[in-house]
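Could you work out the structure for the sequence below:
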Amino acid sequence: MQTKYDITIIGGGILGTSIAYFLSFIFQSKKILVVEQENNVGFHTSSRNTGKVHAPYLYNPEKKKIFAKAAFLGFEMWETFAHRHDLLFKKDGVIEVSSDEKGTKVLEKYYDWGLKNGLNENDIYFLSGNEIKKNEPEIECKNAIFCNRDGSVDYGSFTNTLMTESKKNGIEFLFESKVKQIDKNGNGWKIKLNNEKMILTDFIINSAGGNSIDIAHEMNIGEKFTDVHFRGEYWKAPKEYHKLTKSSVYSVPDFPDYPFLDPHWIIRVDGTCEIGPNAVPIFSPYGYNKMENIKEFIPKILEMLGSGARKTIFDKQFQELALNEIQSSLSKNAMVERVRKFLPKINPEKFVQKGTAGIRSSVIDSNGKFVPDVILEYDSNSFHILNYNSPGATGALPFSIYLINMMIDKGLISNQMDNDICGEWKFSEIIEKLGI
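Residues are numbered from 1 along each chain as shown. Model (predicted):
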């Protein structure tokens, strides 16, 4: 017997689970399923990240208005959610540093964006290198931004709690169930899973993260896009460095058009410190080890050569950057030296344990360019969230409401809401704060 659902969400990461959470309140009369290929929610990027609740100074207030607002509201919403459910939320701030005039001009832009995105002068400060040393004597830089409206959390725990609350409201979660095939079934869909189980559903929400492009292509959506995958690796700092700074320290990226970020100094919610991540090119969204990458090497290369990514992989600058990232994976010193530029006290020899690696999947368009924003594609029976990297986990709660509202406005799902109250928030009030 095949089970029929009104809405099926593919992907139980922090975004898919957040969408399920809000749907569980506003559509209590609907039968809703989350399909996840792993044995729990938040198994991949949602728990393999820096755990930062980012301040919105990184987002252009004109070009990325919704993302900036999602990041701004995300801080408040996660803090409320943490207090309500007794989860760790540490408001520890963040420092962004520049080493030269070029970087300082970027910091000046970030500072201006931060104020336009809702931060005030008590939230964010522009400082000289000497001024930052008054509170952070180990940091060497030309200039810095300090933002105290930035926090540290465990997003894996947050995602698990969202799932628990969603289940209380009737949402079903199906684990160890990888989507193998999707076919039209009248006005809906038939989903075949790896365990031969068949799901019938009226509507699909594709929030499958690193697998979202493949799911979209299976449904003839977003075929002009190709994804590429990067493994972000970390090194754990020895205990003697855990009090080196009070806040995490980031540096201005040298190449903002590429998904290559200089490793940061990260203070996690439990007080431990790490260096990372780099961005090592790999061939699978689950390429944590050599065997998985070897298995997917030929299929991925053929896919890239037959798409816009062909232009990217033959671009000399991309090749040079990719080789640098590979070097940072092969050489611990190469990664640690990047952080020593602003924290010269650290000694590479004292880093002996690797942290948990995470994988980020970026999308390349038909012109061979990295797409900087989230991509939202849909038809009458499906909605696809592709390239959701920023504001990522920080904005997952408000951005989920934005997406649900978009689906309602476009007539993709019912506008007959059962409830406006969603846990700690009113759905309509978040929509109003997002300005949509």
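
buried set for stretch 123-141?
123-124, 126-127, 129, 132, 136, 138-141 (16 or more other C-beta atoms under 10 Å). (Each C-beta comes from the backbone N, C-alpha and C, glycine too.)

What of stretch 372-390?
Residues of stretch 372-390 classed as buried under the neighbour-count rule (16+ other C-beta under 10 Å) are 372, 374-378, 381-390.

who's in contact with that stretch?
Residues from elsewhere that reach stretch 372-390 (C-beta atoms under 8 Å, 6 or more residues apart in numbering): 15, 58-59, 64, 67, 187-189, 202-207, 209, 212-213, 215-216, 219, 221-222, 225, 227, 257, 259, 360-363, 371, 403, 406-407, 410, 412.

Now the terminal residues of it, how far apart.
Here the two ends of stretch 372-390 are set 9 Å apart, with distance taken as C-alpha to C-alpha, to the nearest Å.

One more: stretch 190-204?
10 Å.

any idea of the mean pLDDT for it?
In this model, stretch 190-204 has a mean pLDDT of 93.

those strands in the stretch 251-400 of the chain, which residues are they?
If you assign secondary structure with DSSP state E, counting those that start in this stretch, the strands in the stretch 251-400 of the chain sit at 264-267, 273-276, 280-282, 353-354, 358-364, 375-379, 382-386.

and residue 115, which of the ones you listed is closest to it?
Ranking the strands of the stretch 251-400 of the chain by proximity to residue 115 (C-beta to C-beta) places strand 264-267 first, at 23.1 Å.

mean confidence for that closest one?
The pLDDT scores in strand 264-267 average 96.

which helices and strands sit right next to that strand?
Packed against strand 264-267, as judged by 3 or more C-beta pairs under 8 Å, 6 or more residues apart in numbering; DSSP states H and E, are the following elements: strand 248-251, strand 273-276.

what's near enough to touch the most centrally placed residue in the chain?
Among the residues of the chain, residue 392 comes closest to the average C-alpha position under C-alpha atoms, centre = their mean, at 3.1 Å. Counting by C-beta under 8 Å, 6+ apart, residue 392 makes contact with 45, 49, 54.

ok, the closest residue to residue 83 other than its chain neighbours - contacts?
Once flanking residues are discounted, residue 83 sits nearest to residue 89: 7.0 Å by C-beta to C-beta, 6 or more residues apart in numbering. Residue 89 sits next to 53, 78-79, 82-83, 151-153, 269 when contact means C-beta under 8 Å, 6+ apart.

now do 6 Å
79, 82, 151, 153 (C-beta atoms under 6 Å, 6 or more residues apart in numbering).

any idea how far it is from residue 95?
The span separating residue 89 from residue 95 equals 19 Å under the rule C-beta to C-beta, to the nearest Å.

what's the answer for residue 128, then?
Residue 128 is 13 Å from residue 95, by C-beta to C-beta.

Closest one of the contacts of residue 392 to residue 282?
Of the contacts of residue 392, the one sitting nearest to residue 282 (C-beta to C-beta) turns out to be residue 45, at 13.4 Å.
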